[in-house]
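Colleague: coordinates only, no sequence provided:
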Ligand SMILES: [Ca+2]
């Protein structure tokens, strides 16, 4: 809103259109702007919006669990993840009608990693073990609660692994998820047990009812 005043002061006339662009926390702020102040902008581009923060951190913690915690070693290497990323594109790129390396609608992609499973003749390290195939399936599966309720959507097929490979798939617990549980207001009493799946799931489900910092509006 301040920028609108700046524009008017600089150009000596008011703006005719205004758009919001933000990513991650900025994407979340874009969604809050739409929900709480829908008349502020003519359009909002919210990239990778980190909203529903409680579930997001529970989901990212579970993702760490699938891919390595508590061993501290990734059970699928970044090199193999790049092979998975290429296979995702190979399977789903054309679903939107254009083979351009981009999956326009990730929800349309029902990626199946089974074709990357090593056979007994494989020896070049460019295939996945059965355990790694299961890891990839979990990465691309939504997180559900113990009663089958959706807690958080899956990692989008086509998102690739370049940036988040370091954050989410390193074999270590994602630091945001760790700190969210460790220092979250009202939740200091929670004993954070790294890699303990039932504990992590309970934490995620309990958080469904809480919004300790108001940043988690779904
Ligand atoms: Ca495409």
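Modeller: Received it, and whenever you're ready, just let me know what you need. Note that this is a predicted model, so its numbers are computed, not measured.
Colleague: enumerate the residues of this structure near the ion.
Modeller: Neighbours of the ion within the chain, by CB under 5 Å from the ion: 93, 96, 98, 100, 102. From N, CA and C alone the C-beta is placed, and that goes for glycine too.
Colleague: shaky segments in the chain?
Modeller: Along the chain, the model assigns pLDDT under 70 to residues 69-72, 120-125, 181-218.
Colleague: please parse it into its domains.
Modeller: Domain assignment for the chain by automatic domain parsing gives 2-47, 53-209.
Colleague: Three-state assignment for residue 101, please.
Modeller: With DSSP: H, G, I helix; E, B strand; the rest coil as the basis, residue 101 sits in coil.
Colleague: ok, it to residue 160 distance?
Modeller: 10 Å (CB to CB, to the nearest Å).
Colleague: just residue 25 next, same as before
Modeller: Residue 25 is 21 Å from residue 160, by CB to CB.
Colleague: leaving out the residues flanking it, which one is nearest to the most centrally placed residue in the chain?
Modeller: The residue lying closest to the centre of the chain (CA atoms, centre = their mean) is residue 155, at 5.2 Å. Residue nearest to residue 155 in three dimensions, not counting chain neighbours: residue 139, with 5.1 Å by CB to CB, 6 or more residues apart in numbering.
Colleague: isn't that neighbour right next to residue 154, touching?
Modeller: Yes. Applying CB atoms under 8 Å as the test, residue 139 and residue 154 come out as touching, 7.5 Å apart.
Colleague: in a helix, residue 173, correct?
Modeller: No. Per three-state DSSP, residue 173 lies outside any helix segment and is coil.
Colleague: that one: neighbour count?
Modeller: If you count neighbours by other CB atoms under 10 Å, residue 173 ends up with 24.
Colleague: now residue 144
Modeller: Residue 144: 12 neighbours (other CB under 10 Å).
Colleague: if I look at it, how far off is residue 134?
Modeller: For residue 144 relative to residue 134 (CB to CB), the value is 16 Å.
Colleague: in the sheet, who's paired with residue 152?
Modeller: residue 143 (DSSP bridges).
Colleague: just give me the neighbour total for it.
Modeller: 20.
Colleague: who's in contact with it?
Modeller: Counting by CB atoms under 8 Å, 6 or more residues apart in numbering, residue 152 makes contact with 52, 55, 56, 58, 59, 142, 143, 204.
Colleague: quick one: buried ones out of the residues you listed?
Modeller: 52, 55, 56, 58, 59, 143, 204 (16 or more other CB atoms under 10 Å).
Colleague: what about the third one, which SS state?
Modeller: State at residue 56, reduced to three classes by three-state DSSP: helix.
Colleague: ranges for the strands of the chain?
Modeller: 19-23, 43-47, 143-144, 150-152 (DSSP state E).
Colleague: residue 118 reaches residue 127, doesn't it?
Modeller: Yes. At 3.8 Å, residue 118 counts as touching residue 127 under the criterion of CB under 8 Å.
Colleague: could you pull out the helices in this protein for me?
Modeller: Ranges of helices in the chain, per DSSP state H, are 2-11, 25-36, 53-67, 78-92, 130-139, 164-168, 175-183, 197-206.
Colleague: winner for burial among these?
Modeller: Among these, ranked by average contacts under mean count of other CB atoms under 10 Å, first place goes to helix 53-67 (a mean of 24).
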